[in-house]
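Colleague: After the sequence you'll find the predicted model.
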Amino acid sequence: MQGQTLSLNLSHPESANRPRVVIVGAGFGGMAAARALRGNAAEVTLIDQTNHHLFQPLLYQVATAALSPSDIATANRVLMRGGSNLSVLMAEVTGVDIRARSVLLRDGHRLPYDYLVLATGSASSFFGQDNWREHTLVLKTIEDALAIRARLLEAFERAEQSTDDAEIRRLLTFAIVGGGPTGVELAGTISELARATLARDFSRIDPRDTRVVLCEAGGRLLSGFDPALSTYATEALTSMGVEVRIGTAVEAIDPTGVVLGSERIDTGAVLWCAGTEARPAAEWLGIDGVATGL
């Protein structure tokens, strides 16, 4: 495989004699590894396709206009300050050449390593129904959160301008697929956005008429938590006006709605929070038998 070796012009002249550690991914795992190696006798390079570290647990707050992106994103270079052996590279990794011990970048460059840490995180999984992807919104990045925010607010604006009752009902209906933490948080905050934040901001529609449907194919919400917490979450969401559908699988999704079991629900947006899968780091290393569901 061809490619030009990338030099980062490390600050110490003795750096050529130090082991080179390359960390791919500036999420929680990658950033923790890089910071743990601060001051170590190694030259550490942190690579990510964005220039910021993201506090993903609060993405739903950006998606529902409660926080701005800057509240949950910090520049990677800021977090790596004070480490003379630490370097930051904004680039997209496309593979790993194990024999040459180098990371392959989208721009054709190679970054050599002695030790490699892959902390690439996860992506949304559609369980083999990839055709649903184009009709849904996911929540993994700042861009995803801003897309959801724009769709939500646009739905209210379009409903305000519409004279068709059926279209207004559709625009003010939001379906959330997946009853894990992200789905639960989104359902609650969308309901709060409609029934509290926006309640008095429109003259022709009443945002409190918004319908939020949270569907979970399993037997309860928050299946990874204590059952008592699942019960509490279900009761809390129900009290906020959220329709909680347990044991209800998605049968189809199209541009204007979703089919839950035998029921079709016309929606202004479908938010997909139902599953994750590993990114292709294992494929880069030629590892077989790695589970894709997380």
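Modeller: Nice, thanks for sending it over.
Colleague: Give me the neighbour count for G247.
Modeller: As a burial measure, G247 scores 11 neighbours (other CB atoms under 10 Å). Backbone N, C-alpha and C define where each C-beta goes, glycine included.
Colleague: can you check S230 too?
Modeller: 21.
Colleague: measure it to G83 for me?
Modeller: Distance, S230 to G83, by CB to CB, to the nearest Å: 42 Å.
Colleague: Strands of the stretch 101-250 of the chain, residue ranges please.
Modeller: Secondary structure of the stretch 101-250 of the chain, counting by DSSP state E, counting those that start in this stretch: strands at 102-105, 109-112, 115-118, 122-124, 173-177, 211-216, 243-246, 250-254.
Colleague: What's the mean pLDDT across the shortest one?
Modeller: Confidence for strand 122-124, expressed as mean pLDDT, is 86.
Colleague: Just checking: what are the partner strands of that strand?
Modeller: Applying DSSP bridges, strand 122-124 is found paired with strand 276-278 (antiparallel).
Colleague: ok now the helix or strand following the partner strand, how far from the chain's centre?
Modeller: Where DSSP states H and E defines the elements, the next helix or strand beyond strand 276-278 is helix 281-284. Helix 281-284 sits 20 Å away from the centroid of its parent chain (CA atoms, centre = their mean, to the nearest Å).
Colleague: Name the residues of helix 281-284 that are buried.
Modeller: For helix 281-284, the neighbour count (16 or more other CB atoms under 10 Å) marks 281-282, 284 as buried.
Colleague: Does anything pack onto it? Which helices or strands?
Modeller: Where contact means 3 or more CB pairs under 8 Å, 6 or more residues apart in numbering; DSSP states H and E, helix 281-284 is packed against strand 93-97.
Colleague: And the closest residue to P57 other than its chain neighbours, what's its pLDDT?
Modeller: Distances taken as CB to CB, 6 or more residues apart in numbering put P181 closest to P57, at 7.9 Å, once the chain neighbours are dropped. For P181, the model assigns a pLDDT of 95.
Colleague: List just the one of the strands of the stretch 101-250 of the chain that sits closest to A187.
Modeller: strand 211-216 (4.2 Å; CB to CB).
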